[in-house]
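Asks: here is a sequence together with a model predicted from it:
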Amino acid sequence: MRNHVWRPLYLIIAVIALILLVRTLVVPEDFGSHESGYMYGWHRKGNEAEWQQVKVKYQTSAYCKDCHREMYDSIGKSPHGIIPCEDCHGPGAGHLDNPAKLPIDRSRQLCLRCHAQLPSPSSGRSAIRGIDPAGHNPEAECSLCHNPHNPTLEELP
Amino acid sequence: MVHGEVWTIKELFVYPNEYIYWTVQIVMYPFMTGLVAGAFVLSSLYHVFGVKQLKEISRFSLVFSFALLPVALLPLLLHLQQPLRGIEVMLTPHFTSAIAAFGIVFSVYGLIVASELWFVYRRYFVETALALREKAGRSLAENIRYRLYRLLTLGAYDLSEQAQELDDKAVKILAGAGIPVACFLHGYAGFIFGSVKANALWMTPLMPVIFICSAVVSGIALCILTYIVTMEIRKLIVAWRRKPLPVLPLSEELKSAEIQVVTMTTRYLVMFMVLAITLELLDLIFRGYTAVKSWDILRSVIYGRDFFNIFVLQYGLGNLVPFVLLLLPRLTIRRAILATTLVLLGVFMMRWNVVIGGQAFSSSFAGYMHYQLPIVPHDWETFREGLCGALMVGVAPFILFWLLCKIFPVFDCPESE
Amino acid sequence: MMKRREFLKHAITVVAGLSLPLAALRIVQPERLFAGQEDLRWIFLVDTHKCVGCGFCVRACKIENEIPYDANVTRTWVERYVVTTDGETFADTPIGARDGFTDRRIDLGEGKFKEIKDEEIEKAFFVPKLCNQCDNPPCVQVCPVGATYRVPDGVVLVDRDWCIGCGYCIMGCPYGVRFFHPVYRVAEKCNFCYHRITKGLKAACVDACPFGARLIGNARDPNDPVTKTVLAGRVGVLKDEYGTKPWVYYLGLSKEVR
């Protein structure tokens, strides 16, 4: 009885022990400070691999080249050759398994990304031929007149 | 919809991912911890420094501090996007973060308050438990009460003079140890904000000190207010009971005792208020004087968009008016109620102006964000981060206090000592 | 008098005690720690002269990294800056420039727009933004649970299974690159397309840019074109004053850029 003062302390120790027990059960084993130290590297190591396993969607134009050689070459000669295929055709992931579907974005909005005329001196935008979106055939899809793979104005019908 | 989009209005140039991410619950969090810390400091003034005049209110504020404690946790849980993972703060704490200390500081503080309460009320627990044990034919309620008190004694039934002396000593030590921990608990809430270098309004080393001072102010104010309210209720009860039992004290006697306690406590309130306001003004003046890159946008927020909130509600109504009310001679209960309510409003607005005001401008320094508090909730998110959630947090401590009063004899305790 | 044997015993204890902290110091040599991986440190270069504000990078990023397309948050975005002849600066980034810049007017928020006449424009340009993968990431420093961290190759990642969603990292980033993922409800940020760069691909935004305004490289490889430009060219970084040591370098940065 003489040491009743320490009773709350026993309770506290029990609580700490409980937390430590939960800790060993819940915290993954690969959790710790890894290469970057405690300040910047305190983490679950396994998460790095999880991020690496995220599915790649954009395959780059090199992926299109082998099957669509003709298209690849034709656009390559035009000013639009710098545009990666997937910017207009959408990400190519899964296209080999299901070759039928790759929705082509033919919207005006897509072309206007570069060709809406904006006064932007001191940027590459000023070097691109632009139109006034509201004044230049506002209802029409651009590809009605312009061939996206060979867009030079001189060859317009 | 993206988190934060519902209540954020953007103006001019704001980065696309910027929203008011820390909302009313993060206003409630320092407000509630402030009340906890303040109430505890008030109770310690009696236990440690032996300020006799505060004896009555100290017991009360200790229990109240304990009632507030779990409620300080509530706004944080309501704010987390993944509340179920909140425990990770204890499991894998990353101490380079100011928040990581929360779990530990909060628990230490909670344990100190709980232990102190145990020592203060141990005699009562033992006596009640023994009395109930003696009683033959306990009803179900009495049985539950008996089990509860038996548990609360932690098996220590020694009520000898020696043991009680030890109790008093332990209370003193715990109350003493509790002050720095209470200050730390709240000071570090200030550190959470003060250390964010990305936020121009928050980043100042004064923030923790300002937070502690305003915490004590709000804690004392709330204790006075609650004390008055409970005393009034007691008076009513006494007046009602006196008819058959004329031995009980007259409500006039209670009233004079009450005004004396209130007057004494307000002195401490005013003292801490002066300190808090001085520091806040120092911070403001210093920002204006040094006028670093962020000052342009800060000035437009402080003197423009948030002028009403800062200078009318916080400094005017929340500081100046109660200051005058409390310093005028012959303080009355009614005036004390008004003044302490205004002080609470002032401290709440101070938290608001720090938390919401700190997000009122973009880190681009070229745009503003306006926070619209969701009043009528239409989903869980607008409930918890809206008016209803804040009110829930605001009401919770009183419910808890009422429950605790059922266990601890806060008011009608047989005089120990 | 102390016996000789006892003296030896004490001496050994003292030496062992002293050598322990010395050994500990050797293990945590600071320069070794901050060096990270010796052969790889991802570095990013943005050429603002080349950027035309088409926003293909933003679109590709959102799709590649599964950020809900219509959610108003994004891992990368493009800003437009317009400086008028009387020295006033206007900037905007409508929905992060996911659909590019097609409107001449500046978006002032709250549905208001600012029309600027051509002749009043002194200069106008576009600035892409993304995570700077800082050497001293304040977002990582403030994470209370260790849910975000820097990999030795420099990229800062978020553990979606461990993040508690407190938002402190969002508050801690001076660049505003972090946000809550609308689906996973945890902190989200650009990670240079970690799943791509670790497979030998480039980041999606780099691959999507038709103009070569975005480049990614390895700072530890002296022959890497990006590294060469950063070393030899006149480059700038954003918000240097925060001491974050960013690794996204900019060509053609202007004082108006925020």
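Replies: Nice, thanks for sending it over.

Asks: give me the distance between the closest residue to residue B:375 other than its chain neighbours and chain C.
Replies: If the residues on either side of it in the chain are set aside, residue B:375 comes closest to residue B:387, at 4.9 Å by C-beta to C-beta, 6 or more residues apart in numbering or on different chains. Glycine gets a C-beta too; all of them are placed from N, C-alpha and C. Going from residue B:387 to chain C by C-beta to the nearest C-beta, to the nearest Å gives 20 Å.

Asks: and residue B:179, by the same measure?
Replies: With distances taken as C-beta to the nearest C-beta, residue B:179 is found 25 Å from chain C.

Asks: just give me the neighbour total for that residue.
Replies: Counted with other C-beta atoms under 10 Å in any protein chain shown, the neighbours of residue B:179 add up to 19.

Asks: can you name the residue of chain B nearest chain C?
Replies: When distances are taken as C-beta to the nearest C-beta, chain B reaches nearest to chain C at residue B:81, 2.4 Å away.

Asks: so which strand or helix has that residue?
Replies: Using DSSP states H and E, residue B:81 falls within no helix or strand.

Asks: tell me which parts of chain A are close to chain B?
Replies: Contacts of chain A with chain B, taken as C-beta under 8 Å from any C-beta of the partner chain, map to A:1-2, A:4-5, A:7-9, A:11-12, A:15, A:19, A:22-23, A:26-27, A:31, A:38-39, A:42.

Asks: low-confidence ranges in the stretch 201-350 of chain B?
Replies: Low-confidence segments of the stretch 201-350 of chain B (pLDDT under 70): B:242-254.

Asks: now residue 39. Nearest residue, chain neighbours left out?
Replies: Went with chain A since none was named. In space, residue A:39 is closest to residue B:96, 5.0 Å off (C-beta to C-beta, 6+ apart).

Asks: that answer is for a different chain, and I need it for chain C
Replies: residue C:220 (5.3 Å).

Asks: contacting residues around that neighbour?
Replies: Residue C:220 sits next to C:37, C:38, C:39, C:40, C:41, C:227 when contact means C-beta atoms under 8 Å, 6 or more residues apart in numbering or on different chains.

Asks: can you turn the buried part of the residues of chain A next to chain B into a ChimeraX selection?
Replies: Buried residues among those (16 or more other C-beta atoms under 10 Å in any protein chain shown), as a ChimeraX selection:
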select /A:4,5,7,8,12,27,31,39,42
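
Asks: which ones among the residues of chain A next to chain B are found in strands?
Replies: Among these, the ones falling in strands (DSSP state E) are A:31, A:42.

Asks: what residues does the stretch 151-258 of chain C put near chain B?
Replies: So the stretch 151-258 of chain C meets chain B at C:162-168, C:170-180, C:182, C:185-186, C:241-243, C:258 (C-beta under 8 Å from any C-beta).

Asks: burial count for the residue lying closest to residue C:57 once chain neighbours are set aside?
Replies: Spatial nearest neighbour of residue C:57, chain neighbours left out: residue C:205 (3.7 Å); criterion: C-beta to C-beta, 6+ apart. A count of nearby residues for residue C:205, using other C-beta under 10 Å, gives 29.

Asks: could you check the pLDDT of residue C:205?
Replies: Looking at residue C:205, its pLDDT is 96.

Asks: so it touches residue C:213, yeah?
Replies: No. Using C-beta atoms under 8 Å, residue C:205 makes no contact with residue C:213, being 9.5 Å away.

Asks: list residues touching both of those two?
Replies: Shared contacts of residue C:205 and residue C:213 (C-beta under 8 Å, 6+ apart): residue C:128.

Asks: so residue B:318 sits in a helix?
Replies: Yes. According to DSSP: H, G, I helix; E, B strand; the rest coil, residue B:318 belongs to a helix.

Asks: got the contact list for it?
Replies: Counting by C-beta under 8 Å, 6+ apart, residue B:318 makes contact with B:342, B:343, B:345, B:346, B:347, B:348, B:349, B:350.

Asks: try 10 Å
Replies: Listed by C-beta atoms under 10 Å, 6 or more residues apart in numbering or on different chains, the contact set of residue B:318 reads B:214, B:217, B:273, B:277, B:310, B:312, B:341-350.

Asks: quick check: the residue in chain A positioned nearest to chain B vs chain C, distance?
Replies: Here chain A gets closest to chain B at one residue, residue A:4, 3.5 Å apart by C-beta to the nearest C-beta. According to C-beta to the nearest C-beta, residue A:4 and chain C sit 37 Å apart.

Asks: let me know the pLDDT of the closest residue to that residue other than its chain neighbours.
Replies: Counting by C-beta to C-beta, 6+ apart, residue A:4 lies nearest to residue B:156, which is 3.5 Å off, once chain neighbours are set aside. Model confidence at residue B:156, given as pLDDT, is 85.

Asks: quick one: contacts for residue B:156?
Replies: Counting by C-beta under 10 Å, 6+ apart, residue B:156 touches A:1, A:3-8, B:118, B:122, B:125-126, B:163, B:167.

Asks: mind listing which of the residues you listed are in helices?
Replies: Counting by DSSP state H, the part of those found in helices is A:7, A:8, B:118, B:122, B:125, B:126, B:163, B:167.

Asks: which of those tops the neighbour count?
Replies: Greatest neighbour count in the ones in helices among the contacts of residue B:156, by other C-beta under 10 Å, goes to residue B:122: 25 neighbours.

Asks: surely it meets residue B:159?
Replies: Yes. Using C-beta atoms under 10 Å, residue B:122 is in contact with residue B:159, at 8.3 Å.

Asks: common neighbours of those two, please.
Replies: Common contact partners of residue B:122 and residue B:159 (C-beta under 10 Å, 6+ apart): A:4, B:167.

Asks: what ranges does the chain have for its strands?
Replies: I went with chain A, as the question did not name one. Under the criterion DSSP E, chain A contains strands at A:31-33, A:42-44.

Asks: was after chain B, sorry
Replies: With strands called from DSSP E, chain B shows them at B:8-12, B:367-371.

Asks: now do the first one against strand B:367-371, angle only.
Replies: Using axes from the mean of the first three to the mean of the last three C-alpha atoms, to 10 degrees, the direction of strand B:8-12 lies 160 degrees away from that of strand B:367-371.

Asks: dump the residue contacts of residue C:43.
Replies: C:133, C:154, C:192, C:215-221, C:224, C:226-227, C:229-230, C:247-249.

Asks: can you pull the contacts of the closest residue to chain B within the stretch 51-200 of chain C?
Replies: For the stretch 51-200 of chain C and chain B, the shortest gap (C-beta to the nearest C-beta) falls at residue C:165, measuring 2.4 Å. Taking C-beta under 10 Å, 6+ apart, we find residue C:165 in contact with B:3, B:21, B:79-83, B:85-86, C:147, C:180-181, C:184-187.

Asks: inside helices: which ones of those residues?
Replies: Per DSSP H, helices hold the following members of the contacts of residue C:165: residue B:79.

Asks: which one among the contacts of residue C:165 gets closest to residue B:359?
Replies: Closest approach to residue B:359 among those (C-beta to C-beta): residue B:21, at 7.3 Å.

Asks: number of nearby residues for that closest one?
Replies: Neighbour number of residue B:21 under other C-beta under 10 Å is 23.

Asks: do the same with residue C:140
Replies: Other residues lying near residue C:140 total 28 when counted by other C-beta under 10 Å.

Asks: before we move on, what about residue A:137?
Replies: By other C-beta under 10 Å, the residues close to residue A:137 number 12.
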